[in-house]
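>>> take this sequence and fold it.
(chains A and B)
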Amino acid sequence: MKRFRCALSAMVAAVLVVACGGTNTESTPVNQSTTHGTLVFNPPLRIASLDAATFKAQLAANASGQQLLQLTGNPTCGVDFYYLKFNTLGAANEATVSTGALMVPTGGTGCSGPRPIVLYAHGTQTLQTANIADITNTSNTEGALIAAMFAAQGFIVVAPNYAGYDISTLGYHPFLNASQQSGEMMDILAAARSALPNTFASATTDSGKLFVTGYSEGGYVAMATMRALQAAGARVTAAAPMSGPYALEAFGDAIFFGNVNLGSTVFGPLITTSYQHAYSNIYAATTDVYTPAYASGIDTLLPSATPIDTLFANGKLPQTALFDSNTPTVTIPGDPTDSAAITNKLKVPSDPNNPQTPLFAAGFGEPNLINNNYRVSYALDAATNPDGATQSPPAAGVPLAGKVPTQTLRKALYTNDMRNGPWGPMEPTLLCGGDQDPTVFFSINTGVMAAFWAPEVQAGLVTVLDVNGTPAGPFAPIQAGFLQSQAQLLAFYESAAGGGLSPQAAQLQLVQGYHTNVAPFCALAARSFFAQF
Amino acid sequence: MKKLTLKSLPAALVSVTAAASLCHSATAHADGVQSNTVRVGMYQIFYHVTADDLQGPFVPAGVNVDLKNTQTVYLAYIRRLNSFLDLEFAFGVPPKTKTIGKGPATLGSVPYNGQTIATSKWLAPSLLLEYKFFDESAAFRPYVGVGVNYTSFYDRQVTTAGQMGTGGPTRLSLTSSVGPVGTIGLKYQPGTRWSVIASYSISRVNSDLKTDTAGVIRTSHIKFGPQALVIAAGYSF
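Numbering: from 1, shown residues only, chains lettered A, B, ... in the order given. Here you go, the predicted structure:
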């Protein structure tokens, strides 16, 4: 009997021990490789899945979404939003990870099967935590825009958050670095293509058509990516860079000579930090570039987990005062004429006949961001080795400066200027923007590229669209729509509901939102343009 | 061969302790009262789940979980300590529980509320010291008991519906729980060998839930609040 009891007890123990084992579901396999262009997790996380009706209802839940729907039209496809984590490289070719979005259309005809890919680059974000894939975040307006404009109309959308953002391990953002940013775009494209067969929507496949587009910083990145893909022998079906700072040297010269753009105190630290990491020669100490009021910690300030308004309020950055309102005196030994001419160019803009004078003048004040010595060093380089676009009159073909600049920031801008290198678009390209853009000047960027590519424009390979222009041609409805929306906004700002602003204040409000307001109209133009191919 | 893991060690120790006690010399008393009893019956388990909303990236507010009640086979060994005290080692065939989505009807367009999003098996042995009322001659003897419960979760599976909600293949982990258990019951034993019992038990089983979907971690703390109704037959020897 005792033997029976012991046998029973042993059996019980055995049952318990065995039961402690067992299998559990595993999470997504982790790719241990750090080879750039590979996914860390495949399949990637699906953040959300919205059918067409749900997406429409979600957009229609607020006023801005309703306006967006008027432009994009109702979603015809559902959209699955995937969160890609992929390996890429930093500005110094250091291995890092970045994240981004893969938006996959779902549904019937026109939403599944072979679909074209839109490779999209977003505009500058100051918030380090920004994630364009996170459609659950109502502040992710650019993510909602591209989802509604492209994915919900049957395009597969691929868009990076950029290295240095979200959970990227890179401690800075390679802002306006053509090599790094185009490389990252190609990396996320490769990663997205490897993810596609493993998504819930595996019936949606890559048709082989590739469209490249982006807005603002992303417009620049889109153009750089188009160039890099062409150089790699990859076929781009069509491209649509939008409102980008393509002609960086010319744009930089314009700013340093007093045409200060809206947002310059944000772009300044982003670009100097970016190029310092890439070339290690922008400054020996941040005080070489910045005034003492802001030099400390500015090399790690942006992007930031703190909202930009808080950074302004806490005195980490001036809101608009890029330069000192006390004009520095330039002294070129033995050349009082040029010294006086350059000094004159550095004065606070005051031309009463230029409607942009108030905008430019707002870029001056105290305390300001960039110190006078640094501004003078840049100005001297620009004056003695001028950019072809900023000469008066502009040099034929608006080329870059005749020789490589010696001032290190200007040299970095020269290096990353889209006019640098023997290349031009090989596939249909749309350059879209608004000619009153106070943030990324249209004429010095889009206009200069159009002049630089005059033969391609002449041949119809490159199309230039100013959404603020007189409605004409195939994009006339979009131009008319933009003009109407501007008029409506102005009337709204002057109305009681919009704050009852004076005409001048309402106009200022309109100017401040202009760059953002152009985006959906250019995106619509890009979609119409892509639909031809 | 199933592997004995560190997490399963406490359960193993409990079982080995129980085995050791079984192997200990057992004798029938002169009055015919037996020292050892085994029971087989049915557990009806009712969960009273209180869980924190799931926390983590990309989780909308109000996403919660619930459990479906379940049944399983009850097994127990009872060691008589004296006329009034028993030591019960109770366990069941580990039941497969179904975790149900609770909260929004849909996550985006994916159905959630009421969906079976995960399953897991519970290994939940309890050791109880029980006090029996009346004397050995009474056929009906109510009893109360207190003890300790150990619960380990294994064979944790996130269902297809669950993966649709979490966003992909998901690893689910639940920490083991040690907590008090209390019981009240009634034993009917007309002779020296056979008996039947009915009991009602309540125990505290708390666990930290963690899901990992493509490296994205979501968490919750769950109080399962299981209550068990048992009807069983016993044989004493």
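
>>> before we move on, which element is whichever residue of the stretch 201-350 of chain A sits closest to chain B in?
The stretch 201-350 of chain A approaches chain B most closely through A:Ala201 (11.6 Å), counting by CB to the nearest CB. All C-beta atoms are positioned from the backbone trio N, CA, C, and that covers glycine. Under DSSP states H and E, no helix or strand contains A:Ala201.

>>> where does A:Asp253 land in three-state SS?
Secondary structure, DSSP: H, G, I helix; E, B strand; the rest coil: A:Asp253 is helix.

>>> I'd guessed it sits against A:Asp387; true?
Yes: using CB atoms under 8 Å, A:Asp253 is in contact with A:Asp387, at 5.2 Å.

>>> tell me who's in contact with A:Val158.
With contacts defined as CB atoms under 8 Å, 6 or more residues apart in numbering or on different chains, A:Val158 is in contact with A:84, A:100-103, A:117-120, A:188-189, A:192.

>>> restricted to strands, list those.
A:84, A:100-103, A:117-120 (DSSP state E).

>>> quick one: strands adjacent to the helix or strand harbouring B:Arg141?
Per DSSP H and E: B:Arg141 is located in strand B:140-158. Strand B:140-158 has its sheet partners listed here by DSSP bridges as strand B:116-123 (antiparallel), strand B:126-132 (antiparallel), strand B:177-188 (antiparallel).

>>> reformat these as a markdown table; add distance to B:Ser152.
Listed next are the strands paired with strand B:140-158 as a markdown table, based on distance: least, CB to CB, whole Å:
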| stretch | distance to B:Ser152 |
| --- | --- |
| strand B:116-123 | 5 |
| strand B:126-132 | 13 |
| strand B:177-188 | 8 |
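
>>> make a markdown table out of those strands and add mean neighbour count and mean pLDDT.
Formatted as a markdown table, these follow (neighbours: other CB atoms under 10 Å in any protein chain shown; pLDDT from 0 to 100):
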| stretch | mean neighbour count | mean pLDDT |
| --- | --- | --- |
| strand B:116-123 | 22 | 97 |
| strand B:126-132 | 19 | 98 |
| strand B:177-188 | 17 | 98 |
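
>>> which of those sits closest to A:Gln458?
Proximity to A:Gln458 (CB to CB) singles out strand B:116-123 among those, at 60.7 Å.

>>> so what's A:Cys6 scoring on pLDDT?
pLDDT, A:Cys6: 42.

>>> the one 5 residues further on too?
In the predicted model, A:Met11 carries a pLDDT score of 37.

>>> quick one: neighbours of A:Ala519, just the number.
26 (other CB atoms under 10 Å in any protein chain shown).

>>> is it true that it lies in a strand?
No: per three-state DSSP, A:Ala519 lies outside any strand segment and is helix.

>>> that one contacts A:Ala144, correct?
No: contact between A:Ala519 and A:Ala144 fails when scored by CB under 8 Å: they sit 11.6 Å apart.

>>> so what sits against both of those two?
By CB under 8 Å, 6+ apart, no residue touches both A:Ala519 and A:Ala144.

>>> just to revisit the earlier point, and the contacts of A:Val158, which is closest to chain B?
Nearest to chain B among these, with distances taken as CB to the nearest CB, is A:Leu84, at 9.4 Å.

>>> ok, that closest one touching A:Leu39?
Yes: between A:Leu84 and A:Leu39 there is a contact under CB under 8 Å: 6.5 Å.

>>> which bits of the stretch 51-200 of chain A sit near chain B?
Proximity of the stretch 51-200 of chain A to chain B (CB under 8 Å from any CB of the partner chain) is limited to residues A:51, A:54, A:78, A:83, A:85, A:134, A:136, A:200.

>>> please pick the buried ones from those.
Buried members of these, scored by 16 or more other CB atoms under 10 Å in any protein chain shown, are A:51, A:54, A:78, A:83, A:85, A:134, A:136, A:200.
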